[in-house]
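Need a 3D model of the following:
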Amino acid sequence: MTRIRDDLGEIQARVANALTAASRDGEKVIVLAVSKQQSADAIEAARQAGQRHFGENYVQDALAKMDRLTGLDIEWHFIGRIQSNKTRPIAERFGWVHTVDRARIALRLNEHRPASLPPLRVFIQVNQAGESQKAGIDPTGVETLARLIHAQPRLKLAGLMTLPPAADPPDGNAVYFHRLRELLERLRARGIEMDSLSMGMSADFETAIACGSTCVRIGTAIFGSRRDNPG
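Residues are numbered from 1 along each chain as shown. Below is the predicted model of the structure:
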């Protein structure tokens, strides 16, 4: 697992360099280690190397890992497509959700969030390119959904998230990252409080940081392929 420690160190250095290049010295970016289909041992190794935020796509797999890794002070993020019948365990066990894209899901998450826990921090997933194979709300519907989320006592709107179309080279996604930042700024100007942008992955996170990302989702650049870390 030494490679995980080394890879995390490299990612942190690249994030710091990207912030400096974007004249964002002193700002922080959450590195979210995407641990879907990775073993609990790999997650534990990353936690021991200082990584605290982990993202999971599949509820049942995540719950098993959470149970095994109890006590490691991990911030768990749900980053997969949300099914209505999975909102209870997501609301009860995760601290962050990046993929809220409709009112029904927001209302169910609020309903199931235990009052003993802090409000669940949620991102609205925005489908900027109208890709039918991807989840996410059309940009024109974001303001209405954001206001609904703000009205829920057990939810806290963190910001916006996007999965842009695959681009080659990676900086081809810059247009989508810029648009998401502009959307967030427009909504803030209309009185909707949020301050975070979840955008950028292993191939394009430096571009995303240049465009204002505050949370980058890194999987293979930390863990390697699933084959490297079976679980």
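
show me where the protein has helices.
Under the criterion DSSP state H, the chain contains helices at 2-21, 40-48, 59-68, 87-93, 103-112, 142-150, 174-189, 205-210, 220-223.

so which of those helices is the most packed in?
Greatest average neighbour count among those goes to helix 205-210 (a mean of 24), per mean count of other CB atoms under 10 Å. For the C-beta atoms, the positions are set from N, CA and C on the backbone; glycine is no exception.

name the helices or strands packed onto that one?
Counting contacts by 3 or more CB pairs under 8 Å, 6 or more residues apart in numbering; DSSP states H and E, helix 205-210 packs against helix 2-21, helix 174-189, strand 215-218.

can you give me the mean pLDDT across that helix?
Helix 205-210 shows a mean pLDDT of 96.

in the chain, which helix or strand is least confident?
helix 220-223 (a mean of 93; mean pLDDT, DSSP states H and E).

Point out where the chain drops to low pLDDT.
Scanning the chain for pLDDT under 70 picks out 1, 170, 225-231.

State the distance from Phe78 to Arg154.
Computed as CB to CB, to the nearest Å, the Phe78 to Arg154 distance reads 15 Å.

Name the residue in those two with the higher neighbour count.
Just comparing Phe78 and Arg154: by other CB atoms under 10 Å the higher neighbour count belongs to Phe78, 27 against 16.
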